[in-house]
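*Asks:* Compute the structure for the input listed below.
(2 chains)
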Amino acid sequence: MDRETELGLLDRLRRGDEAAFDAVYDAFNQRLFTFLLRLVRRRDVAEDLLEETWLRLVKHTHRLNEDTRLGPWLFTVARNLHVSYVRSRLLEVSATGGVTPFWFSSADRPSPFETTAARELERRIDRALASLPAASREVLLLVGVAGLDHSDAADVCGITPEALRQRLHRARALLTRALESDTRPGESVLGEVTP
Amino acid sequence: MTDPLLRLLRGLPQATLDPSRADRIRTRCHAALAHRPRRDSIWADAADIWAPLAAGAAGIYLTAVLRQALTAYGL
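*Replies:* Numbers count the residues shown, from 1 in each chain, chains lettered A, B, ... in the order given. Here you go, the predicted structure:
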């Protein structure tokens, strides 16, 4: 979504336009859900956090500034809700064990796309991500999966861009190590995507 | 994105939200939009009117003070 379109939608959203909400919802919902699901690793909880994120948006539309950037705003709310959830449950989600193919929709049989998605490589990445501390996983998901640039990801995490770069560097090293330790001798996960 | 690790993450499949849950979220948000508070916008409109008036009054007051000060010093 280009900035001009975003500002137009924001203006309409601040006036309570349902169609503008739908457009924003369609643009960000899947990325937000993917971010939350990979962060919390429980479909039911991710759905609840997602719903609360959208409700926060509509409850605060009249307080948004004219130049609010919707992506970082939504990911910040989602991230803060996750932090509150973890605190309230005193749960360190990064220490959880088994990996389930959580990207499958519970209502339907897996589509060909979803079946493809369940390949061994993705299972390994998922295991590696799950083994990381929450702060490292969060920054990798924001930059790598959600596609936020460093500046926006830093805003979402409430840290400076420099601190974000350092945290991302550490997270990359941890993920690489986790992937290598989960790789059978003779295989290289990174080699599968390196030209 | 040239970083192979980040490219790997970017290539992960997007999660699919259950359609019934997606509809429920959309419906709840539409309802919340319809019933969102108007009070802040009324106050914002009031602030739009009063802010310039207050600035004008402050300007007049400061001009009067300055004038009296200059008179007091015989300037």
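
*Asks:* Neighbours of residue A:178, how many?
*Replies:* 20 (other Cβ atoms under 10 Å in any protein chain shown). In this view, the C-beta of every residue, glycine as well, is placed from N, C-alpha and C.

*Asks:* who's in contact with the nearest residue to residue B:34 once chain neighbours are set aside?
*Replies:* The shortest distance from residue B:34 to any non-neighbouring residue, by Cβ to Cβ, 6 or more residues apart in numbering or on different chains, is to residue A:16 (7.4 Å). Contacts for residue A:16 (Cβ atoms under 8 Å, 6 or more residues apart in numbering or on different chains) come out as A:61-62, B:33-34, B:36.

*Asks:* Which strand or helix spans residue A:16?
*Replies:* Secondary structure assignment for residue A:16, by DSSP states H and E: no helix or strand.

*Asks:* tell me the phi and psi of it?
*Replies:* Dihedral pair for residue A:16: phi 80, psi 20, per degrees, to the nearest 10.

*Asks:* if I look at it, how far off is residue B:59?
*Replies:* 36 Å (Cβ to Cβ, to the nearest Å).

*Asks:* Enumerate the positions of the lengthiest helix in chain B that are buried.
*Replies:* Looking across chain B with DSSP state H, the single longest helix is helix B:39-72. When burial is assessed from 16 or more other Cβ atoms under 10 Å in any protein chain shown, helix B:39-72 yields no buried residues.

*Asks:* How far away from the center of its chain is that helix?
*Replies:* Averaging C-alpha positions (Cα atoms, centre = their mean, to the nearest Å) puts helix B:39-72 23 Å from its chain's average.

*Asks:* Run through the helices of chain A in chain order.
*Replies:* All helices of chain A, identified by DSSP H, fall at A:3-14, A:18-40, A:43-59, A:70-89, A:112-117, A:120-130, A:134-140, A:150-157, A:161-181.

*Asks:* where among the ones you listed is the average confidence lowest?
*Replies:* Lowest mean pLDDT of those: helix A:112-117, a mean of 55.

*Asks:* Quick one, which of the helices of chain A gets closest to residue B:52.
*Replies:* The closest of the helices of chain A to residue B:52 is helix A:3-14. By Cβ to Cβ, the value is 22.0 Å.

*Asks:* pLDDT score assigned to residue A:189?
*Replies:* Each residue has a pLDDT score; the one for residue A:189 is 51.

*Asks:* ditto for residue A:110
*Replies:* So residue A:110 comes in at 54 (pLDDT).

*Asks:* cool, residue B:15 as well?
*Replies:* pLDDT, residue B:15: 89.

*Asks:* tell me which element it falls in.
*Replies:* For residue B:15, there is no host helix or strand (DSSP H and E).

*Asks:* Residue A:15 versus that one, what's the distance?
*Replies:* For residue B:15, the distance to residue A:15 (Cβ to Cβ) stands at 31 Å.
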